[in-house]
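K.L.:
whatever this is, show me its structure:
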Amino acid sequence: MAHIAVVGGGILGLAVAHELATRGKQITLLEKENDYARHQTGHNSGVVHAGLYYAPGSFKARMCVAGNASMTAFAKEHGVAMEVCGKLVLATEPDELPRLHTLRKRALANGVPARLLSQAEAREFEPEARCVAGLRVESTGIIDYRGVCAALVRLLGEYGADLRTGAEVRAVHARPEGVVLVTPGGEVRADAVVNCAGLHSDRIARLAGLRPSARIVPFRGEYHELRPEARKLVRGLIYPVPDPRFPFLGVHLTRMLDGGVHAGPNAVLALRREGYRWRDISARDLAGTLGFPGFWRLARKHTRTGAQELLRSFSTARFAASLARLVPAVTAADLVRAEAGVRAQALRPDGTLVDDFLIERAPRQVHVLNAPSPAATSALEIGRHVADEVTAVLR
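P.N.:
Residues are numbered from 1 along each chain as shown. Just a heads-up that it's a prediction; the model follows:
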């Protein structure tokens with residue numbers, strides 16, 4: 001029986017470990033925190049995406065559409081809280097209409113049912129919304145991703161997996177016969193390693209002797225939530241038409257499973273890879289970002305947008321104004337700061353953002369180097385794909 005070490009206890013690491021366990025592999029999972037889903041998985045908006053945004057034929061498109069179905073089925077089978085509520089994408093200005101129509105064509109090419117709505121039809125779903133037209137996507141849902149992770153941990157326990165928390169990987173030694181990982185609790189010897197370390201995935205790859213094609217640059221996604229008396233302004237999920245130049249979907253409104261409404265995220269550079277607040281600063285992480293030529297090339301290209309995001313970080317009024325483009329009744333007085341998240345954005349040396357999922361291989365190694373949204377939606381499908389990659393590197 002092949003022994004596989006999986007680094008990272010977020011939803012991807014757990015999904016990969018689970019898929020490998022179902023294929024008869026012996027699993028050791030190493031998570032540096034004292035619990036699972038502590039970072040990207042535990043700080044996202046809880047949306048099960050439908051797959052309308054992604055280029056037809058891309059890894060993201062294929063994984064997301066299949067992942068929507070498999071994640072929905074998993075939640076039903078294992079009693080994880082989920083609601084398929086659908087969402088609206090709103091064009092708030094006439095010049096956004098071509099992009100809205102392009103989005104619909106892309107959705108249909110990906111096999112995602114999407115219906116164009118007039119202003120009046122959109123307001124039947126969201127009476128407080130402002131738009132010139134909308135796009136209705138019924139298969140989008142909301143889910144408890146921490147609950148998904150808890151179910152995967154339980155299933156891994158039933159398979160006899162060795163699950164270790166507080167097990168930070170500090171060194172990786174590649175050997176012809178396998179891989180040795182050094183943790184505070186001792187060495188782990190395995191036939192192969194899968195790196196699902198998220199915000200630290202490029203560092204784990206370098207420890208293993210790779211020269212990854214991209215560097216992780218952390219971006220903090222800042223959220224607010226609506227005060228209870230303002231929640232009536234939003235029935236479901238309301239999104240703007242995304243700007244294709246950026247990987248972020250723009251500030252949007254998301255009704256959560258508990259009835260609350262999250263607003264965001266804003267996107268600013270994080271000063272630490274796990275920098276959820278401005279005061280979270282790591283000299284090492286910041287030096288790594290500022291010393292990377294790709295970051296400065298990206299910054300020069302998007303100076304104006306970056307400045308707007310930065311101003312919105314410090315101004316609730318600006319944040320509210322962005323939301324008011326979608327729902328005019330939202331004001332700064334309706335907003336309360338909520339927990340932020342940090343996105344592990346892979347960036348190439350030429351300053352281009354890695355848009356699709358990025359997985360690189362070496363003998364007895366598989367490294368998941370870029371897995372932003374919709375990775376949580378796609379986790380079970382990515383798990384199957386990575387398990388196939390493991391089979392290939394073991395040959």
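
K.L.:
flag every buried residue along the one helix or strand in the chain whose mean pLDDT sits lowest.
P.N.:
Least confident helix or strand of the chain, by mean pLDDT, DSSP states H and E, is helix 303-314 with a mean of 89. Buried positions in helix 303-314, judged by neighbour count with 16 or more other C-beta atoms under 10 Å: 306, 309, 312-313. C-beta coordinates here come from the backbone N, C-alpha and C atoms, glycine included.

K.L.:
stretch 143-155 too?
P.N.:
Buried, per 16+ other C-beta under 10 Å, within stretch 143-155: 143-153, 155.

K.L.:
now do stretch 198-215
P.N.:
Going by neighbour count (16+ other C-beta under 10 Å), the buried part of stretch 198-215 is 198-205, 207-208, 210, 212, 214-215.

K.L.:
quick one: mean pLDDT for that stretch?
P.N.:
For stretch 198-215, the mean per-residue pLDDT is 97.

K.L.:
gap between it and the chain center?
P.N.:
Offset of stretch 198-215 from its chain centre (C-alpha atoms, centre = their mean, to the nearest Å): 18 Å.

K.L.:
outside of it, which residues touch it?
P.N.:
For stretch 198-215, contacts defined as C-beta atoms under 8 Å, 6 or more residues apart in numbering pick out 7-8, 10, 12, 39-40, 169-172, 174, 179, 193, 195, 197, 216, 218, 273-274, 288, 292, 294, 342, 344, 346-349, 354, 358, 360, 362, 365, 367-371.

K.L.:
list the contacts for the closest residue to G42 other than its chain neighbours?
P.N.:
Ranked by C-beta to C-beta, 6 or more residues apart in numbering and with sequence neighbours excluded, the top spatial neighbour of G42 is R146, at 5.7 Å. The contact partners of R146, taken as C-beta under 8 Å, 6+ apart, are 37, 41-42.

K.L.:
let's verify R146: helix, strand, or coil?
P.N.:
helix (DSSP: H, G, I helix; E, B strand; the rest coil).

K.L.:
pLDDT value on it, please?
P.N.:
97.

K.L.:
now swap in G57 and tell me
P.N.:
In this model, G57 carries a pLDDT of 90.

K.L.:
count of neighbours near it?
P.N.:
When neighbours are defined as other C-beta atoms under 10 Å, G57 has 10 of them.

K.L.:
which SS class is it?
P.N.:
Three-state call for G57 (three-state DSSP): coil.
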